[in-house]
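**Student:** show me the folded form of this:
(chains A, B and C)
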Amino acid sequence: MREYQEAPRPRKPLWPVLMALCLTLFVAACGGSDDEGSGGGGEGGSPAESASAEGKKGGKATILLQSYPDYVDPGLSYTVEGWQTLTQVYPGLMTFPHKEGKAGAEVVPGLAAEMPKISNGNKTYSFTLREGLTYSDGTPIKASDYANVVKRALEQDSQGAGFYLPIEGAEKFLEEKKGEISGIKTDDAARTIEITLTEPRGAFVYELAVPFGGFVPGDTPAKNQTKSPPPGAGRYMIKNVKVNRSYTLAKNPNFSKSLEGTAVDSGNLDQIDVQIDRSLANQATKVANNSADFMVDAPPPDRIPEIKQRFANRYHEFPTNSTFYFFMNSEVPPFDDLKVRQAVNHAIDIKAINRVQGNVLTPAHTTLPPGVAGYEKSEDLYPFDLEKAKALIKEAGAEGEEVTVWGNPETATKATIEYYTDVLNQIGLKAKSKIVSAETYFATVGNRDTKAQTGWANWFQDYPHPSNFIDVLVNPNKVVESGNNNYSYNAADKELGAKIDKLNAEPELTDEVLKQWAAVDREIQEKAYWGMYGNRKQVTFMSERMDFENCKGESVLTTHDYSRFCLK
Amino acid sequence: MAEALLTVEDLRVGFETDDGRVQAVDGVSFELREGEVLAIVGESGSGKSVTAQTIMGLTRSPNAAFEGRIGFEGEDLLNASQEQLRRVRGNEIAMIFQDPMTSLHPVYKLGWQIAEQIQAHEQVSKADARERATELLRRVGIPSPESRIDNYPHEFSGGMRQRAMIAMALANSPRILIADEPTTALDVTIQAQIISLIGDLRSELGSVILITHDLGVVAEIADRVLVMYGGMVVEQGTLEELFYNPQHPYTWGLLGSLARVDGVKPRRLPSIAGAPPSLIAPPKGCRFRTRCPHEFDRCAELPPLAARAGGTQIDRCWLSPQEKAAKRAVEGRIGLEATA
Amino acid sequence: MLRFTVRRLAQTFFVLIALSIITFVIFNVIPNGDPALRLAGRTPNPAVVQQIREDFGFNDPLPTQYANLMEKTFKGELESYSNGTNVREELLRGLPNTASLVIGAAIIWVVLGVLFGILAAKYAGRIPDRLITIIGIVGISLPVFWVGALLLYYLTFKVSLFPPGGYTPLTEDPVQWLYHMILPWTTLSILFIGFYSRLLRSNILDTVNEDYVRTARAKGLSERRITTRHVLRNALIPIVTLFGLDFGAAFGGGAILTESIFNLQGVGQYAADSIGTLDLPPILGTVLYGAFFIVLLSALVDIAYAFLDPRIRLSG
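**Tutor:** Numbering: from 1, shown residues only, chains lettered A, B, ... in the order given. You can find the predicted model right below:
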């Protein structure tokens, strides 16, 4: 998913920018040492594999969120915060193991007894539920519950509805909002579920594993359940909901026996109290003085030097599965010329951008981040070389071409865009920046008519499947008139489109398939559709009560995995 | 001769301003006797209001300087403590001001304001105070006082307001009433009413100091008159003495500028040429000399107040009584100079 | 009085209608990034976007959309586009928090503002006056968010004297409630104390020169009585009216900065967040709520004014 700093699902309103500005005046004097990359613990390309993933069981902890999850309803939520909670409560047919690193990105059976049987030209998936499954209130889980899960999403025009449209009959249901979905056949007695797609789609098992696929009782209405979330089958259940204030995750007393020892069974703490605190600075204060145990977001950039220094033994930076890049619209000049795009790639100094953004990035030059399957380490095709960039611009005859660079007012974004604009001017283009409000930014550049030439972009994974990056962001066949995520507008590249579509249909991520994805990544780099520069780092900052050594709970899937926290 | 109720001895009042020291009152002495109406006459800036207000200590401020003595009932009011002054104000000496609209508090009912005065000096119940207030309003000629005591000042006409102020001043039966230009803000017919009222109340009022620049008013009720100019007294005498035998050219000018119904109608109303002197840097010698058509070399020396005409009348002019008698006859009446 | 009330009620109604129209128009005129797209999320599927347009009525003509919105508002069924929460419920939930902040701060700023104003006037031109004037000007000039950020940094992070923001309901734990409110109260009232003390100072200095004060002194009243009953009685009138409007604005969600900085989860913060997300229903809700309070308070102020100054007639 995309991380909108300020919209449309902003987790931070305007004022923290002001606050940060002011605090900077003070803290700048105090902790201004320029840290080039040493965090409190290890850092590097992937989250550290710790020696013991098991931690002490039991106890309570308090976690701070900056804003209440968009929805506490598996059929509706589409934010990291929402998913951090929902993955503990609503497992689906498939699930992701609660493990560190790449192991946590492998999709495995959840409520299903085993991996699905795929037939009918890779279009039909057959599942059998485990025996004796119950929800946290003791109600038995029925196969037919799955149909309701899908219907709820479609009936409410949920943001996850798109995940289900590949199912036969789903589009019809989306429009009519009544009846049954022809592609879903269930048998409660046999505990079987058969899902038929309109065409093959390899990412589908992954999509079954995200919270949109989380099971809820069949009578759960197609309405936002945030105020009183339904029971789920996960290790934890949700209690004491005070909307916009707090809620509690407590151990599920009716956790199904057949789920014990499976990937769903993960949880050290007995109880987790989730509280909302709008101010990251205040959150940092609370974690620092141990009145709260964990903050989901990173502390504000101007507090980080002080925190790194004072609390080095409970502060750690790690990379997330995200890519930060400048898009280049290959449908309009001058970026319709490959040489120009290559020039831009040579011109951007990845280290410089990282400094501008406050050292929150790990440098990157591939489409896929290191934690996503299909990633392959490679040589940077475009090392930083301003002279080469200038030469390429001359060769392309693009000197003096006017370029508008798009961005939004979010601090790091604006600064980065200013840098980028400056660089484009240095290599011979005539660039000026255009900052539009964060709320409208993506809709604007995602509108084909805008003809946005180049600008800011980033993407955080929905699930660790390569199509979630490449198909969503660069597939030529996915270019539409509005609501685009593919700002390269490379609709003309039919060859690449065909390759990606073919890979999308692959049901399994075999080594062979992964190599092909890596090749596509390489091709995207060669065609320089993007000027990518980094993967975002996240922060683990905990109170002294928490066992920082053994239970950091870092996750490639949801950034933080509450079930893997534990006390000392 | 009746006792002196109030004695003002060589009073000087100066104010520090950014432009220098303004000497508003520069050596004023007089007596007020029991039962008499003393009028103090002069133009704006002559120091008459400051003199009157200083008697009550109303001019005290961080940038004011006082010299002299104000004797009242054995005390020196000029140097009295706040507590002493408070006892005297409204109680022994009361004052009414020029503009009754602004001098009355706009948001309190009239009865309340009068009762406040009463209760400040006497231990009476609210009900009693209210009763008395009603009676006072009746006494000053306000119709239906029972309902009018619950009216606000802005619900009264100008003349009524001034009557009300007088009522308020009388509330504690003070021995002296100081009236600072009580009729200036009123139109002529109302003026007459108020003056007549003051005349009616003389027996209840005790002594009155009436500040005014209107000689017509003076003629109506004053017993004695004090003429002030440039912060000093320039002439003092009984009503008859002043009107029929005025000794100072300034007084002649005042009298000469009165419009009279009888006699020849002058072509233009006479006025005194020139402007009042600056009180920051007053001229040397007689302060009136720059405007006086009769000034001569001796005027360079400030004339002392003296009884030159014989009797109790005193003035501050070097001219001899004979010269004065001659010079003041202008076109068949008393005046300063001939109209052109 | 009855006529006045009726007219004011009618005025209020029209003001609120006008505001709702203006808000609606602004929202639809500014580049708002197509609410349907935003509702559809990060991977907007064209079919889903289309459905959203139909289901939420974004394809309807604007007057129809407006009418639907207003109907929902009156029924109390207005729901956020961002997360489906009911706007009225959220407003009610935030109300006690805002009330705690504003009422507490109001008491402080009135008491201190009046006190300092009186002192400054009493010692006009001398050291206490100059001191109070400086404090007042500083108070007016300090941006609220800066003061708040400062206090938070030094008194909660560097030194753990106060809790870093947050709100504990009074009914839950009065001591904690107080403990949490001290910094927000300080932050919000500093600005007003400066304002009010300066205003009162100049009012008092004007009033003491009025003729009726001279009369009061001539009546032989004690200085104390003159100060309270005659001088302050008049000098405070503009303060009372100003207070009414300030209070109304703050209560109506105007204390946005203070609430946000201290995470008080009040109406102001709710307004700020909704503006940040360009979420029309809560924006509409908070605008109407705020306007209602301001109009109400200004009517009360007018009534109070007429009560305090009998020269003023309540114009119907």
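**Student:** distance check, the nearest residue to residue A:417 once chain neighbours are set aside against chain B.
**Tutor:** Of all residues not flanking residue A:417 in the chain, residue A:407 sits nearest, at 3.3 Å (Cβ to Cβ, 6 or more residues apart in numbering or on different chains). No exception for glycine: its C-beta is placed from N, CA and C like everyone else's. Computed as Cβ to the nearest Cβ, to the nearest Å, the residue A:407 to chain B distance reads 59 Å.
**Student:** what of residue A:83?
**Tutor:** On the measure of Cβ to the nearest Cβ, residue A:83 and chain B end up 65 Å apart.
**Student:** ok, that residue touching residue A:211?
**Tutor:** Yes - counting by Cβ atoms under 8 Å, residue A:211 is a contact partner of residue A:83 at 5.3 Å.
**Student:** give me the beta-bridge partners of the residue nearest to residue A:417?
**Tutor:** Note on residue A:407: beta-bridge partners residue A:435, judged by DSSP bridges.
**Student:** how near is it to residue A:420?
**Tutor:** 8 Å (Cβ to Cβ, to the nearest Å).
**Student:** shared neighbours, the two?
**Tutor:** Common contacts of residue A:407 and residue A:420, defined by Cβ atoms under 8 Å, 6 or more residues apart in numbering or on different chains, comprise residue A:433.
**Student:** how about the helices in the stretch 101-250 of chain A?
**Tutor:** For the stretch 101-250 of chain A, the helices defined by DSSP state H, counting those that start in this stretch cover A:145-155, A:161-164, A:170-176, A:204-209.
**Student:** the stretch 51-200 of chain C too?
**Tutor:** Under DSSP H, counting those that start in this stretch, the stretch 51-200 of chain C gives helices at C:62-75, C:87-122, C:127-141, C:144-152, C:174-207.
**Student:** try the stretch 151-300 of chain B
**Tutor:** B:158-170, B:188-200, B:202-205, B:215-221, B:239-244, B:249-256.
**Student:** most packed of the ones you listed?
**Tutor:** helix B:249-256 (a mean of 26; mean count of other Cβ atoms under 10 Å in any protein chain shown).
**Student:** who touches that helix?
**Tutor:** B:41, B:215, B:227, B:229, B:234-235, B:242-243, B:246, B:270-272, B:288, B:291-294, B:317, B:319, B:327-328, B:330, B:333-337.
**Student:** helix/strand/coil for the spatially most central residue of chain C?
**Tutor:** Geometric centre of chain C, nearest residue: residue C:250, 1.0 Å, by Cα atoms, centre = their mean. Assigned with DSSP: H, G, I helix; E, B strand; the rest coil, residue C:250 falls in the helix class.
**Student:** contacting residues around it?
**Tutor:** Counting by Cβ under 8 Å, 6+ apart, residue C:250 has contacts C:101-102, C:105-106, C:188.
**Student:** gap between it and residue C:215?
**Tutor:** Distance, residue C:250 to residue C:215, using Cβ to Cβ: 39 Å.
**Student:** show me what from chain C comes close to chain B.
**Tutor:** Chain C comes close to chain B at residues C:210-212, C:214-223, C:225, C:229-230, C:233-234, C:308-311, as judged by Cβ under 8 Å from any Cβ of the partner chain.
**Student:** overlap in contacts, residue A:83 and residue A:211.
**Tutor:** Common contacts of residue A:83 and residue A:211, defined by Cβ under 8 Å, 6+ apart, comprise residue A:77.
**Student:** doesn't residue A:539 lie inside a strand?
**Tutor:** Yes - assigned with three-state DSSP, residue A:539 falls within a strand.
**Student:** pretty sure it sits against residue A:300.
**Tutor:** No - if you go by Cβ under 8 Å, residue A:539 and residue A:300 don't touch, sitting 10.8 Å apart.
**Student:** can you get me a residue count around residue A:387?
**Tutor:** Residue A:387 sits with 10 neighbouring residues when counted by other Cβ atoms under 10 Å in any protein chain shown.
**Student:** what's the answer for residue B:275, then?
**Tutor:** What residue B:275 shows, counting by other Cβ under 10 Å, is a neighbour count of 10.
**Student:** that one and residue B:317: what is the separation?
**Tutor:** Between residue B:275 and residue B:317 the computed distance is 20 Å (Cβ to Cβ).
**Student:** for residue A:536, which three-state class applies?
**Tutor:** Here residue A:536 is recorded as strand under three-state DSSP.
**Student:** pretty sure it contacts residue A:320?
**Tutor:** Yes - using Cβ under 8 Å, residue A:536 makes contact with residue A:320 at a distance of 5.2 Å.
**Student:** which residues do these two both contact?
**Tutor:** Shared contacts of residue A:536 and residue A:320, counting by Cβ under 8 Å, 6+ apart, come down to residue A:460.
**Student:** and whichever residue of the stretch 401-550 of chain A sits closest to chain B, what pLDDT?
**Tutor:** Closest contact between the stretch 401-550 of chain A and chain B, by Cβ to the nearest Cβ, is at residue A:437 (51.6 Å). For residue A:437, the pLDDT comes out at 81.
**Student:** wait, it sits on residue A:408?
**Tutor:** Yes - if you go by Cβ under 8 Å, residue A:437 and residue A:408 touch, sitting 6.5 Å apart.
**Student:** more neighbours: those two, which one.
**Tutor:** Higher neighbour count among residue A:437 and residue A:408: residue A:408, with 24 against 18, using other Cβ under 10 Å.
**Student:** chain neighbours aside, what residue packs nearest to the residue of chain A found nearest chain C?
**Tutor:** Of all residues in chain A, the one sitting closest to chain C is residue A:159 (2.8 Å; Cβ to the nearest Cβ). The spatially closest residue to residue A:159, leaving aside those adjacent along the chain, is residue C:41, at 2.8 Å (Cβ to Cβ, 6+ apart).
**Student:** hang on, isn't residue B:220 packed against residue B:193?
**Tutor:** No - when contacts are counted by Cβ under 8 Å, residue B:220 is not listed as touching residue B:193 (11.6 Å).
**Student:** return the residues of chain A in contact with chain B.
**Tutor:** Counting by Cβ under 8 Å from any Cβ, chain A has no residue next to chain B.
**Student:** list of residues touching stretch A:408-428?
**Tutor:** Residues outside stretch A:408-428 that contact it (Cβ under 8 Å, 6+ apart): A:5-6, A:17, A:20, A:326, A:343-344, A:347-349, A:352-353, A:356-358, A:360, A:386, A:389-390, A:393-394, A:398-400, A:403, A:405-407, A:431-433, A:435-438, A:441, A:454-456.
**Student:** generate a PyMOL selection restricted to the buried entries among the residues you listed.
**Tutor:** Buried members of these, defined by 16 or more other Cβ atoms under 10 Å in any protein chain shown, are picked up in PyMOL with:
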select buried, chain A and resi 5+6+17+20+326+343+344+347+348+349+353+356+357+358+360+389+390+393+398+403+405+406+407+431+433+435+436+437+438+441+454+455+456
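**Student:** which of the contacts of stretch A:408-428 fall in helices?
**Tutor:** Using DSSP state H, the members of the contacts of stretch A:408-428 that fall within helices are A:17, A:20, A:343-344, A:347, A:352-353, A:356, A:386, A:389-390, A:393-394, A:438, A:441.
**Student:** identify the farthest-apart pair in these.
**Tutor:** A:20 and A:394 (41.1 Å; Cβ to Cβ).
**Student:** show me where pLDDT drops low in chain C?
**Tutor:** C:32-33, C:314-316 (pLDDT under 70).
**Student:** what's the burial count for whatever residue of it ends up closest to chain B?
**Tutor:** Residue nearest to chain B within chain C (Cβ to the nearest Cβ): residue C:220, separated by 3.5 Å. Using other Cβ under 10 Å, residue C:220 has 22 neighbouring residues.
**Student:** sweet, I'm off.
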